[in-house]
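Participant: I would like to see how this sequence folds:
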Amino acid sequence: MIDAFTTDSIPFGDLPGADLVSEGLADLACRKESVAALLVQVGSPRLRRCRVPVPVSDADALDADRRLYRLLGREHGNAAHSRYNALIRQLVSFERALEHRVSRQHSPPVAND
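Facilitator: Model (predicted):
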């Protein structure tokens, strides 16, 4: 697994959920279908807006949530729904933190008068 990724020179290895996103990006690069890879595919539209290169087609991204849920069902049985919701919360937390960091990096400095 890769320890920290950056997007457009913005590090994100310290953000909440970064380990899971980093694992998913690494798995996608190796074409491995895993919980982390499917989660990154689910979040790919928002991640791409933050300049995170997500190597997945739009068609695969659209179906990723169903594939993720099926995989979790095989791994966790009746607990799949809870696990799915927990993973989505982690993803959203990461995306929000990354969006905040990206917006702070790219906003013009405020003049101190």
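
Participant: just give me how far the helix ranked longest in the chain sits from the chain centre.
Facilitator: Taking DSSP state H as the criterion, the chain has its longest helix at helix 80-106. On the basis of Cα atoms, centre = their mean, to the nearest Å, helix 80-106 sits 7 Å off its chain's mean C-alpha point.

Participant: which residue ranges form the strands in the chain?
Facilitator: 6-7, 10-11 (DSSP state E).

Participant: out of those, which gets the lowest mean score?
Facilitator: Mean pLDDT is lowest for strand 6-7 among those, at a mean of 54.

Participant: in the protein, which spans are helices?
Facilitator: All helices of the chain, identified by DSSP H, fall at 18-29, 35-42, 44-49, 58-76, 80-106.

Participant: could you identify which of the ones you listed is most buried?
Facilitator: Mean neighbour count (mean count of other Cβ atoms under 10 Å) peaks for helix 35-42 among those, with a mean of 24. Quick note: C-beta positions are derived from backbone N, CA and C, even for glycine.

Participant: name the residues that touch it?
Facilitator: 20-21, 23-25, 27-28, 47, 54, 56, 60-61, 64-65, 67-68, 71-72, 75, 87-88, 90-91 (Cβ atoms under 8 Å, 6 or more residues apart in numbering).
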